[in-house]
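Visitor: based on what follows, work out the 3D shape:
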Amino acid sequence: MLFLLLLLLTVLFQGGDHMDDFQGPTSFYVIQISSFANSTWTKNQGSGWLDDVQIHGWESDSGTAIFLKPWSKGNFSDQDLEVVLDAFRVYFIGFPRELRNYAREFQMEYPLEFQSRVGCELRHGEGPASFFRTALGGLDLLSIQNYSCTPASEGGWRAKKFCAIILQYQGVLEIIEKLLYSYCPRFLLGVLDAGKSDLQRQEKPVAWLSRGPTPGPDRLLLVCRVSGFYPKPVWVTWLRGEQEQPGSRRGDVLPNADGTWYLRVTLDVAAGEAAGLSCRVKHSSLGGQDIVLYWEHPISVGLICLAITVPSLLLFIGLALWFRRHRIIGQSGLNKIVQEELYFQRI
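Guide: The predicted model follows:
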């Protein structure tokens, strides 16, 4: 079944080679997760990724591809896409069957899970790199590269035996190499070209500082949050002057609902050592103008409060005097009007 899938895929990736148009390292890869509950029930999950952005999904029950971006199809025609989908349908039917046939021989016990990550990477000024790695139950099993199969140490004797079987099919290995080193990079370039406007967009980050939960007596947890940036690569750290603080703890870069990213970087310090620290953010969208946020100093906070309070107090006093003056003038004017009215009545 794997051999049939590879034969079908080799028909699809036609077209010229535009490697010179590529800028910067990026990758395209497919993730397969096959979960075997028992000898008769299997669920297959598939997804396609462009770096850290998922652009394809797979509906296991219906055998349908999900295109998560308008440009996920790359430069494929509808006819080419249908051939690809048929190939995956055949593969997801045949792969579980083949693996079950080896279950007893390889002493595999249900439930079990098989994972695979296959794809290619482009590097500017270099030839394409490829990867084909599989795991069984979360442990590395084997990798395929340069017409050879390398068993992983975690895979033990099963990995060696799997590789021994794979190496008997040199024709399949040749097709794998061609797919990964030639056709995969061409497909990747087609996707990059189709999604150029979306992939090359730049969104500037917004950063702010806050305090986290108190880590202990007389200590502070300083938190620098950065959100709304795209693309994903970002550099955020705590500094004292220009010296990076080794205690900075970087969280995971998490996605926002609008496709941008979010990051949280913390620093645990003694309360008296927080003054003079700053958080610096570097991102491609900033054009070299880094965001630098300084942690508040107790004296500076007092000065800020004083700077706000004194003008406000003076303004209040001025307004009070102004209203009082006009009130007095208004009362005097009223008294004068009353006196004139009484005078004219007597006349």
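Visitor: please make it C-alpha for all contacts and neighbour counts, starting now.
Guide: OK.
Visitor: list the contacts of residue 224.
Guide: Residues in contact with residue 224 (CA atoms under 8 Å, 6 or more residues apart in numbering) are 207, 208, 209, 210, 264, 265, 266, 279.
Visitor: for the residues you listed, give me TSV that also has distance to residue 242, secondary structure and pLDDT.
Guide: Shown next, in TSV, are those (distance: CA to CA, whole Å; DSSP: H, G, I helix; E, B strand; the rest coil; pLDDT from 0 to 100):
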residue	distance to residue 242	secondary structure	pLDDT
207	19	strand	97
208	19	strand	96
209	18	strand	96
210	21	strand	94
264	20	strand	97
265	17	strand	97
266	17	strand	96
279	11	strand	96
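Visitor: by neighbours, which of the residues you listed wins?
Guide: residue 279 (26 neighbours; other CA atoms under 10 Å).
Visitor: so who does the closest residue to residue 225 other than its chain neighbours touch?
Guide: Setting aside the residues directly before and after it, residue 225 is nearest to residue 264 in space (CA to CA, 6 or more residues apart in numbering), at 4.6 Å. Applying CA under 8 Å, 6+ apart, we find residue 264 in contact with 223, 224, 225, 226, 250, 251, 252, 253.
Visitor: which helix or strand contains the first one?
Guide: In other words, residue 223. Here residue 223 sits within strand 219-229, counting by DSSP states H and E.
Visitor: quick one: low-confidence ranges for this protein?
Guide: For the chain, applying pLDDT under 70 flags the ranges 1-25, 297-347.
Visitor: what about the helices in it?
Guide: For the chain, the helices defined by DSSP state H cover 2-10, 78-103, 156-166, 170-178, 184-194, 196-199, 298-346.
Visitor: which residues are contacting the shortest one?
Guide: Among residues not part of helix 196-199, those counted as contacts by CA under 8 Å, 6+ apart are 192, 231.
Visitor: and it, which residues are buried?
Guide: Of all the residues in helix 196-199, not one is buried under the rule 16 or more other CA atoms under 10 Å.
Visitor: again with the second one
Guide: For helix 78-103, burial by neighbour count (16+ other CA under 10 Å) applies to 84, 85, 86, 87, 88, 89, 90, 91, 92, 96, 100.
Visitor: could the residues you listed be laid out in JSON lines, adding distance to residue 246?
Guide: Below are the buried residues of helix 78-103 laid out as JSON lines (distance: CA to CA, whole Å):
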{"residue": "84", "distance to residue 246": "49"}
{"residue": "85", "distance to residue 246": "49"}
{"residue": "86", "distance to residue 246": "52"}
{"residue": "87", "distance to residue 246": "50"}
{"residue": "88", "distance to residue 246": "48"}
{"residue": "89", "distance to residue 246": "50"}
{"residue": "90", "distance to residue 246": "52"}
{"residue": "91", "distance to residue 246": "49"}
{"residue": "92", "distance to residue 246": "48"}
{"residue": "96", "distance to residue 246": "48"}
{"residue": "100", "distance to residue 246": "50"}
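Visitor: pick out whichever of the residues you listed sits closest to residue 122.
Guide: Minimum distance to residue 122 across these is 22.5 Å, recorded for residue 84 (CA to CA).
Visitor: what's the burial count for residue 108?
Guide: By other CA under 10 Å, the residues close to residue 108 number 14.
Visitor: gap between it and residue 219?
Guide: Applying CA to CA, to the nearest Å, the value for residue 108 to residue 219 is 52 Å.
Visitor: and residue 227, by the same measure?
Guide: For residue 227 relative to residue 219 (CA to CA), the value is 26 Å.
Visitor: neighbour count for these two, which is higher?
Guide: The neighbour count for residue 227 versus residue 219, taken as other CA under 10 Å, is higher for residue 227 (20 against 16).
Visitor: list the contacts for the residue nearest to residue 69 when sequence neighbours are not counted?
Guide: What sits nearest to residue 69 in space, not counting adjacent residues and going by CA to CA, 6+ apart, is residue 55, at 5.8 Å. Taking CA under 8 Å, 6+ apart, we find residue 55 in contact with 47, 48, 49, 67, 68, 69, 72.
Visitor: quick one: which two of those are the most distant?
Guide: Largest separation among the contacts of residue 55 by CA to CA: 47 and 69, giving 12.8 Å.
Visitor: overlap in contacts of the two?
Guide: Common neighbours of residue 47 and residue 69 are listed as 55, 56 (criterion: CA under 8 Å, 6+ apart).
Visitor: okay, the two: which has more neighbours?
Guide: The neighbour comparison of residue 47 against residue 69 (other CA under 10 Å) goes to residue 47, with 19 against 14.
Visitor: ok, the nearest residue to that one once chain neighbours are set aside - how many residues close by?
Guide: Counting by CA to CA, 6+ apart, residue 47 lies nearest to residue 57, which is 4.4 Å off, once chain neighbours are set aside. Neighbourhood size, residue 57 [other CA under 10 Å]: 18.
Visitor: any idea how far residue 57 is from residue 68?
Guide: Counting by CA to CA, the gap from residue 57 to residue 68 is 7 Å.
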